[in-house]
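Student: Build me a structure from this.
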Amino acid sequence: MAGPLDLSLIEGPIPVTATVVAALALAYLAIRRNRTWWTRVLPVVVSVCALVVTGATLVVDHVWKPWPEPLPPVLAVWSGAVLVASALAVLRLRSGRWYGRVLGVVLAAAVAAGGLVAANAYFGQYPNTRAVLDVFRNDRVDLDAAAPPPTDVVEVPAGKRLADVWRRPAGLPDRGTVSEVTIPGALQARPAWVYLPPAYHATPRPRLPVVVLMAGQPGSPRDWFDGGRLADNLDAYARGHDGLAPVVVVADQLGKATANPLCLDSALGRAETYLARDVPAWIERRLTVDERREAWTVAGFSHGATCSVQLAVRASDVYGNFIALAPQGEPTLGTRQETVKAAFGGDEAAFTRVNPLDILAGGRFPGTAGVIVAGRDDGTYRQADAAVFEACRKAGMDVLWNELPNGHDWNLARQGLFGSLPWLAARTGLVG
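Tutor: The predicted structure follows:
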């Protein structure tokens, strides 16, 4: 049953209340019965804070450029509001009674809290308070303990699906397990997060389909368990299917949060080799999975979605399926020129040889199936998503289009991935 911890932090009364409280707090801090305050102090504070935020935004977007997209305006506006509130609270510390000074700090904190709630609502990172509290909870288990070698496996006759021969054993847990493990290889990657569904812990153990999943950039594998609510949603799916769900390995395609090796083998790193060879080899060696190509899916959100399209094209011998949740039109560091210069020393032909849209234009992939999920309100990538879909369709892929009423956020990622589970289960032979 839903409780207070399940109230939405994205829509409804909580974000509205936080915004109203922040606005009132900022107004209270800004108002004083002093002519000098209105003609000199407040205009200077607001102007300086606006210049600081504008300068910082320009540095991030045009100098540092840790990711291709510009900072969203909502972050700049709220950053400015928090900076103004903090400056006004500091000015209050220099005069007035002690309780007035304390009140100023409290009001500045209220503006900051409003900014955090607004940013979270924009990105959809934490859908409710329970998701926020989960950040401080460590329920991961050691993979060796969660996934010892099987003593027996379920055999599926030719022409059958796993669900046709699988029977839920007594005592099977209702929840799967989550483990953190380092997968060695060509990329110096951060630890992957591995979800094993309830059925994986049965004896005999079924050979389950695999999803290699990736988050966006900036980001980390953990994002799919915080913002993506991966374990909760897969546990819910498993409860409706006698404990069956895919094995999911959330791999790191970046190396660090703000890095971008483009999921390619280039001067920026050997991310493609890692994701196309090292990660699959580790999975087959370490986990009990269905090794048929049709049972392997590569998926991701945003940057991870771009990677999933790349791997569906560049490693089609490994991944028979893909789910791309708001992909970019091509791997990018901002512009084609910047990307080619950084990754291939200016060699445009080298980039063209590995760019998925260029490969799709000259090749055929009739044995690959995929889903492309786009946000109706995604002003940055909606057109690129449509172009990727059309390129895949023309290359002979069995590809589906799913447009959701979202922007480029975790609301789209959650709904897009878990809305694709029935398709995935049928495609991989998990259930009918």
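
Student: Residue ranges in this protein under the pLDDT threshold?
Tutor: 1-2 (pLDDT under 70).

Student: Okay, strands next: where are they in it?
Tutor: Along the chain, the stretches classed as strands by DSSP state E are 177-181, 192-196, 210-214, 247-250, 265-266, 269-270, 296-301, 321-325, 369-375, 398-404.

Student: May I have the strands that pair with the fourth one, each with its orientation?
Tutor: The strands that strand 247-250 pairs with in its sheet are strand 192-196 (antiparallel), strand 210-214 (parallel) (by DSSP bridges).

Student: rewinding a little: would a markdown table of the strands of the chain with distance to residue 289 and mean neighbour count be doable?
Tutor: C-beta here means a position set from N, CA and C on the backbone, and glycine is covered the same way. Formatted as a markdown table, the strands of the chain follow (distance: least, Cβ to Cβ, whole Å; neighbours: other Cβ atoms under 10 Å):
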| stretch | distance to residue 289 | mean neighbour count |
| --- | --- | --- |
| strand 177-181 | 15 | 19 |
| strand 192-196 | 10 | 24 |
| strand 210-214 | 5 | 28 |
| strand 247-250 | 6 | 26 |
| strand 265-266 | 25 | 20 |
| strand 269-270 | 24 | 20 |
| strand 296-301 | 8 | 30 |
| strand 321-325 | 14 | 29 |
| strand 369-375 | 18 | 26 |
| strand 398-404 | 22 | 17 |
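
Student: Adding distance to residue 167, write those out as CSV.
Tutor: Formatted as CSV, these follow (distance: least, Cβ to Cβ, whole Å):
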stretch, distance to residue 167
strand 177-181, 21
strand 192-196, 19
strand 210-214, 22
strand 247-250, 19
strand 265-266, 45
strand 269-270, 44
strand 296-301, 25
strand 321-325, 26
strand 369-375, 29
strand 398-404, 31
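
Student: Residue 354 is nearest to which of those strands?
Tutor: Proximity to residue 354, assessed across the strands of the chain by Cβ to Cβ, is greatest for strand 265-266 (7.9 Å).

Student: and that closest one, how far out from the chain's middle?
Tutor: 23 Å (Cα atoms, centre = their mean, to the nearest Å).

Student: In the protein, which residue is most central in space?
Tutor: residue 215 (3.5 Å; Cα atoms, centre = their mean).

Student: if we can go back for a sec, next, format the strands paired with strand 247-250 as JSON lines and append distance to residue 402.
Tutor: Shown next, in JSON lines, are the strands paired with strand 247-250 (distance: least, Cβ to Cβ, whole Å):
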{"stretch": "strand 192-196", "distance to residue 402": "22"}
{"stretch": "strand 210-214", "distance to residue 402": "17"}
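
Student: Domain map for the protein?
Tutor: What the record gives for the chain is the domain set 4-123, 146-428, from automatic domain parsing.

Student: how long is the shortest one end to end?
Tutor: Think domain 4-123. 22 Å (Cα to Cα, to the nearest Å).

Student: Check the offset of it from the chain's centre.
Tutor: With Cα atoms, centre = their mean, you get 27 Å for domain 4-123.

Student: which residue sits closest to residue 135 in space, ignoring its chain neighbours?
Tutor: residue 226 (6.2 Å; Cβ to Cβ, 6 or more residues apart in numbering).

Student: typo on my end, it should be residue 216
Tutor: Using Cβ to Cβ, 6+ apart, the closest residue to residue 216 is residue 302 (3.4 Å).

Student: Confirm for me that the one you found is in contact with residue 325.
Tutor: Yes. Counting by Cβ atoms under 8 Å, residue 325 is a contact partner of residue 302 at 7.2 Å.

Student: Please enumerate the shared neighbours of those two.
Tutor: Jointly contacting residue 302 and residue 325 under the rule Cβ atoms under 8 Å, 6 or more residues apart in numbering are residue 413.

Student: Now do residue 300 against residue 156, distance only.
Tutor: 28 Å (Cβ to Cβ, to the nearest Å).
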